[in-house]
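Asks: No sequence on hand, only this structure:
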DNA sequence: ATAAGCTACCTTGTTATGCAAAGTAGCTTA
DNA sequence: TAAGCTACTTTGCATAACAAGGTAGCTTAT
């Protein structure tokens, strides 16, 4: 068991989370790693994030733009395309439609009604 | 995109759900496919379920026992081992610790706009 | 200057998992 | 005899997370 249970559970989820964060405002890769950490997705490394960004870009769900940084290396800011907004909607729908059944299944025990 | 978003999201989740259902009471494969359906995990086929059962068995998280059926083919009933109970606990913990951050992330924009 | 440490990006290879698709076979009903 | 449900099994593929490696700019302390 090299890949942790957590890694498996995150499959498909990270992509949606990244789309959602980028939707709020233009964001760059390193910032994403910090934000995900803050939100509580603590073990998500850059080795996960950058490949996702490249993939999203290739699928035309986001577009990137290099910008000068006043301090430190330059940053590549991403924003959603129209396709990205659609993909995020689809993700949110699928997430809800999985979350609810799962909660019902693992909650059965000792619950009223 | 051959594999659906839904398939990706289900990774790691199905295993936990199956453990949870089996914990309630001894259950066999075909029954699981019906129950998952009823709970709302509608596209989960036997091609997913039986491989999971074999895997769980190989990892000593469940044990199976063939029993005669009064109507139809015989059934292989499974129940949790001690390792299975532990694995289920771990799953529930990881599920909660992912669900909450994700809900926070995709909920941000919900109100305004 | 130089080292240390943060910021910021990128790539490769491994591995696990869902599941489509195919197969086998028992029982029931028409 | 056929259809249709029940019930289990196996093979092969696509995909995503991420560890582990790398490059490089900027800042601060020694």
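Replies: That came in fine, so what should we check first? All values reported here derive from a predicted model rather than from experimental measurement.
Asks: Just the local confidence number for residue A:56, please.
Replies: Confidence at residue A:56, expressed as pLDDT, is 97.
Asks: Looks to me like residue A:66 is in a helix.
Replies: No. Residue A:66: not assigned to a helix; according to DSSP: H, G, I helix; E, B strand; the rest coil it is strand.
Asks: count of residues packed around it?
Replies: Using other CB atoms under 10 Å in any protein chain shown, residue A:66 has 10 neighbouring residues. From N, CA and C alone the C-beta is placed, and that goes for glycine too.
Asks: With the one 5 residues further on instead?
Replies: Taking other CB under 10 Å as the criterion, the count of residues near residue A:71 is 4.
Asks: In three-state terms, label it for me.
Replies: Three-state assignment for residue A:71 (three-state DSSP): coil.
Asks: Quick one: low-confidence residue ranges for chain A.
Replies: Within chain A, the stretches with pLDDT under 70 are A:1-2, A:108-113.
Asks: need the contact list for the residue nearest to residue A:22 when sequence neighbours are not counted.
Replies: Of all residues not flanking residue A:22 in the chain, residue A:78 sits nearest, at 5.3 Å (CB to CB, 6 or more residues apart in numbering or on different chains). Applying CB atoms under 8 Å, 6 or more residues apart in numbering or on different chains to residue A:78 gives the contacts A:22, A:26-29, A:53, A:56-57, A:62-65.
Asks: try it again with 10 Å
Replies: A:18-19, A:21-22, A:26-29, A:31-32, A:53, A:56-57, A:61-65, A:84 (CB atoms under 10 Å, 6 or more residues apart in numbering or on different chains).
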